[in-house]
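A.B. asks: What shape does this take:
(2 chains)
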Amino acid sequence: MTAPLLSIDNLSVAFGHGSQQKTVVQGVNLHLNAGETLALVGESGSGKSVTALAIAQLLPYPQAHHPSGEVRLHGEALFKASPRRLQALRGGSFGMVFQEPMTSLNPVHTIEKQIGETLRIHQGLSVSQARERSVDLLEQVRLPEAAARLGAFPHQLSGGQRQRVMIAMAIANGPELLIADEPTTALDVTIQAEILDLLADLQRRLGMAMLFISHDFNVVRRIADRVAVMQNGRVVEQGDRTAVLTQPSHDYTRMLLAAEPTGQPAALTAQSPVLQTRDLRVWFAQRGGLLKRVRGHLKAVDGVDLTVHAGETLGVVGESGSGKTTLGMALLRLQSATGAIDFEGQDITQLKPKDLRPLRQRLQVVFQDPYGSLSPRMSVEQIISEGLAVHGRGGSVAGRAQLARDALTETGLSAELAQRFPHELSGGQRQRVAIARAIVLRPRLIVLDEPTSALDRSVQAQLVDLLRTLQARHGLAYVFISHDLKVVRAMSHRVVVMQSGRVLESGLAEQIFTAPQHPYTQRLLNAALDGAQSV
Amino acid sequence: MLSLNPINQRRWAQFRANRRGWWSLWLFLLLFGVSLFAELIANERPLLVSYAGDLYVPVLVSYPETTFGGDFPTEANYRDPFVAQMINANGWMLWPLIPFHHSTVNYASEQAAPAPPSAQNWLGTDDQARDVLARLIYGFRISVLFGLVLTLASSVIGVLVGAVQGYFGGRVDLLGQRFIEVWAGLPVLYLLIIMAGFVQPNFWWLLAIMLLFSWTQLVGVVRAEFLRVRNFDYVTAAKALGVGDTVIIVRHALPNAMVATVTFMPFILTGSITTLTSLDFLGFGLPPGSPSLGELLAQGKANLQAPWLGLTAFFTLAIMLSLLVFIGEAARDAFDPRKTFAGPNS
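C.D. replies: Down below sits the predicted model:
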């Protein structure tokens, strides 16, 4: 056997020194042969990104340091390499692609300048040579109208296009190793599939090795040759893709693989509408010219009719920019809209804020980002009881505190967490606190805006279970907004599919998932679910 | 500290980690604390008088000269050799460390005013034979108090205006910003000079006039912070709970803006003190006779042959402003999120 392209021996990474020292990666052994794809899988905090950054020596040294281990590229020890040598290697021998294409590109420079920079530094090309090569690269990553896009700024491109530019930059100097850190996580499913195909294709043609970091087994299934599973900074299992995915030997891998949200929502009996909209519109005026006249409208939500019954989940599905979050905000009257919203038989579109306030306790919301939706300076108890105080519920302060604790227990958290602050909780715990804040008011309807998207798969499954239990117990109606079709399927009785502000298709969940009518729905389902079938 | 949440505990530790700022804070608090009791340190009345077996407290109570066997029903002048002789004959007097008030004219000076430092006047006397050290202590106190009140008042108004502009945005913000731009364009110093011509400025008049222009300093940062915060999910969540605007501003958004405010405050304080000093120097500040660092500087300039005047004022200002800037630096460090949260997860 020839020497591997990249070998990581007994790598450890620690942050801080002395008593503050925290080891986040421990004794990791990995190797990667030329032309091979190794997927590094794990939940958030498992140390997979830190491992990848350690290869390129991009950790925040000297706060980060390596108590043990060595990384070798072609047998060359990288930890002992000079800064100059490392600079030559980064972007030369290994290219990197990160998760967030918006922040990975510099917003004030054009695409040409950003790609050209790496070409000039590493290959010493002239400006015109660099331009030629840039066009060539952009064509390789299948960016439409590559030559015309050279002068574009990152904000003028879509998320998928930006990620293509990132890939073009990463492969510009013909790297032997491509490190891709969750390159598709921030993208819509249909674009995710295209980027994965592109990466696999480029890898074959250029003969690169690829270290692919992901939390998503569906993505790993499509692209990896070998898989390494990380937990708490250790590699718990590694081996051939098929072996790891079909016969996992470690409990943690089995747990990850089984952690798909499954099951069905409880069946419904009676149907009484809680919320109905007629021709709901949210149009944002686009003004232009000297007099700021309205030139046109951005139709975020355009003539949506929907009905939610008591105890029912209505799934709202669509890709980013389809208007589903705006729809949710409009239903809550947090976004002004035209049309009619009937809540419990009363049209709430014309209500004044003062008259709306008593209704708010029956109409609640849970947001996507569990880090942003809790006030960082309030304790869990204060957060949950705030709504009670506004609506004069629970009697005294002590009574409200008791209700808050009850709500915590109901969402599966210990009542002892009441005195903690949000930053002391994990993502899943925070999301439960956000749910407790909503249910403590005993609402009829909760708008759930991507409540599971920021969480690990295993936590997602638990949260879906919790939401279903609460629904059955209190007869809650949910408007469940998500781009994740698996979660929607596990939650929803009925589904609406949105694109560009319009409802393309609506009906019973089973019907939509098994026999989609609209071509867009079909495409969406294919992209999202085909990973599961093609092991 | 009463109940600091973990973030503030870390900030406090971060503040202490800046040793220069930490020592500056204590030194400044010591100096300011001492100067608050200026009447007990530098005064023309004794702290305690024993006369004919009775105890008197002239520092606090005004006694007529007749109490001590004098002729006049007016208040006793204890520095008068005649009165002193009468009291000492029947008892004793306990004098403060510096037996001069800031307005006391030292008729007993052996040299012509301004007199150089001597055993009697440690830092010499000014051109009206008043003790420089006594004037310095009172002047320091009035400068710092003026600065503190002005800083607090302009911060309260600035935060309020910034909060309203940033939180409501739209037309309120637009009109507010344009008004502040026009207002900030006015030449403050000239306006102060003109206004000083209409009213005889005292402490409160000067404070009010300067407040008219200094409140705009914080509006920008607070407004920017509120513009950012009002789109946060937890603010939207609070709106969805039915929480009113005032409560959202105070409870959810204001804590975010406090970081910027507290970081800015020491620098506003130094700015306020400097402005007062320069007005006094030009003669448009506190009424004549008030102890003030600016007036001392002006005397130093007028009496170059008496360098102790200018040097005293210069060193006092330099030390005071340096201490405040060091404290400000430490406060800035304490609220720097990169330093506060430089934990293992960064």
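A.B. asks: any idea how far residue A:336 is from chain B?
C.D. replies: Separation of residue A:336 from chain B (C-beta to the nearest C-beta, to the nearest Å): 13 Å. C-beta coordinates here come from the backbone N, C-alpha and C atoms, glycine included.
A.B. asks: tell me the phi and psi of that residue?
C.D. replies: With angles defined as degrees, to the nearest 10, residue A:336 sits at phi -70, psi 140.
A.B. asks: which of the residues in the stretch of helix or strand residue A:471 belongs to are buried?
C.D. replies: According to DSSP states H and E, residue A:471 maps onto helix A:457-474. Buried residues in helix A:457-474, counted by 16 or more other C-beta atoms under 10 Å in any protein chain shown: A:457-464, A:466-468, A:470-471.
A.B. asks: Over to stretch A:20-32?
C.D. replies: So stretch A:20-32, judged by 16+ other C-beta under 10 Å, has buried residues A:23-26, A:28, A:30-32.
A.B. asks: quick one: the helix or strand following the helix holding residue A:471 near chain B?
C.D. replies: Downstream of helix A:457-474, the next assigned helix or strand under DSSP H and E is strand A:477-482. No: using C-beta under 8 Å from any C-beta of the partner chain, strand A:477-482 never reaches chain B; the gap is at least 12.9 Å.
A.B. asks: Next secondary structure element downstream of strand A:477-482?
C.D. replies: Next helix or strand after strand A:477-482 toward the C-terminus (DSSP H and E): helix A:485-491.
A.B. asks: Show me what that next one is packed up against.
C.D. replies: Helix A:485-491 sits against strand A:313-317, helix A:457-474, strand A:477-482, helix A:509-514, helix A:519-533, with contacts defined as 3 or more C-beta pairs under 8 Å, 6 or more residues apart in numbering or on different chains; DSSP states H and E.
A.B. asks: can those go into JSON lines with extra columns for mean pLDDT and distance to residue B:53?
C.D. replies: Supplementary listing: the helices and strands packed on helix A:485-491 in JSON lines, determined by pLDDT from 0 to 100; distance: least, C-beta to C-beta, whole Å:
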{"stretch": "strand A:313-317", "mean pLDDT": "92", "distance to residue B:53": "94"}
{"stretch": "helix A:457-474", "mean pLDDT": "88", "distance to residue B:53": "85"}
{"stretch": "strand A:477-482", "mean pLDDT": "92", "distance to residue B:53": "90"}
{"stretch": "helix A:509-514", "mean pLDDT": "88", "distance to residue B:53": "102"}
{"stretch": "helix A:519-533", "mean pLDDT": "73", "distance to residue B:53": "101"}
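A.B. asks: With distance to residue B:231 as added columns, please give these in CSV.
C.D. replies: Formatted as CSV, the helices and strands packed on helix A:485-491 follow (distance: least, C-beta to C-beta, whole Å):
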stretch, distance to residue B:231
strand A:313-317, 22
helix A:457-474, 25
strand A:477-482, 18
helix A:509-514, 33
helix A:519-533, 29
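A.B. asks: So for residue A:353, which of the ones you listed sits nearest?
C.D. replies: Closest approach to residue A:353 among the helices and strands packed on helix A:485-491 is made by strand A:477-482 (21.5 Å; C-beta to C-beta).
A.B. asks: still on that earlier bit, ok and the helix holding residue A:471 relative to strand A:477-482, angle-wise?
C.D. replies: 160 degrees (axes from the mean of the first three to the mean of the last three C-alpha atoms, to 10 degrees).
A.B. asks: how about the buried residues of helix A:457-474 in TSV, adding distance to chain B?
C.D. replies: Listed next are the buried residues of helix A:457-474 as TSV, based on distance: C-beta to the nearest C-beta, whole Å:
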residue	distance to chain B
A:457	22
A:458	21
A:459	18
A:460	19
A:461	23
A:462	21
A:463	17
A:464	21
A:466	19
A:467	17
A:468	22
A:470	18
A:471	19
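A.B. asks: which strands and helices sit next to the longest helix along chain B?
C.D. replies: For chain B, the longest helix by residue count, based on DSSP state H, is helix B:132-168. Packing partners of helix B:132-168 (3+ C-beta pairs under 8 Å, 6+ apart): helix B:19-36, helix B:38-41, helix B:170-184, helix B:203-214, helix B:219-229, helix B:254-282, helix B:293-302, helix B:307-334.
A.B. asks: Just put the ones you listed in JSON lines and tack on mean neighbour count.
C.D. replies: Below are the helices and strands packed on helix B:132-168 laid out as JSON lines (neighbours: other C-beta atoms under 10 Å in any protein chain shown):
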{"stretch": "helix B:19-36", "mean neighbour count": "15"}
{"stretch": "helix B:38-41", "mean neighbour count": "17"}
{"stretch": "helix B:170-184", "mean neighbour count": "13"}
{"stretch": "helix B:203-214", "mean neighbour count": "18"}
{"stretch": "helix B:219-229", "mean neighbour count": "20"}
{"stretch": "helix B:254-282", "mean neighbour count": "20"}
{"stretch": "helix B:293-302", "mean neighbour count": "21"}
{"stretch": "helix B:307-334", "mean neighbour count": "19"}
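A.B. asks: possible to save those as TSV with distance to chain A and mean pLDDT?
C.D. replies: Shown next, in TSV, are the helices and strands packed on helix B:132-168 (distance: least, C-beta to the nearest C-beta, whole Å; pLDDT from 0 to 100):
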stretch	distance to chain A	mean pLDDT
helix B:19-36	19	93
helix B:38-41	40	88
helix B:170-184	13	92
helix B:203-214	28	88
helix B:219-229	10	90
helix B:254-282	5	86
helix B:293-302	40	90
helix B:307-334	16	90
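A.B. asks: wait, what's in contact with the spatially most central residue of chain B?
C.D. replies: The residue lying closest to the centre of chain B (C-alpha atoms, centre = their mean) is residue B:144, at 1.4 Å. The contact partners of residue B:144, taken as C-beta atoms under 8 Å, 6 or more residues apart in numbering or on different chains, are B:32, B:35, B:273, B:320.
A.B. asks: how much space between it and residue B:55?
C.D. replies: 34 Å (C-beta to C-beta, to the nearest Å).
A.B. asks: Residue A:175 too?
C.D. replies: On the measure of C-beta to C-beta, residue A:175 and residue B:55 end up 92 Å apart.
A.B. asks: More neighbours: which of those two?
C.D. replies: residue A:175 (22 against 9; other C-beta atoms under 10 Å in any protein chain shown).
A.B. asks: Just confirm residue A:71 is within a strand.
C.D. replies: Yes: counting by DSSP: H, G, I helix; E, B strand; the rest coil, residue A:71 is part of a strand.
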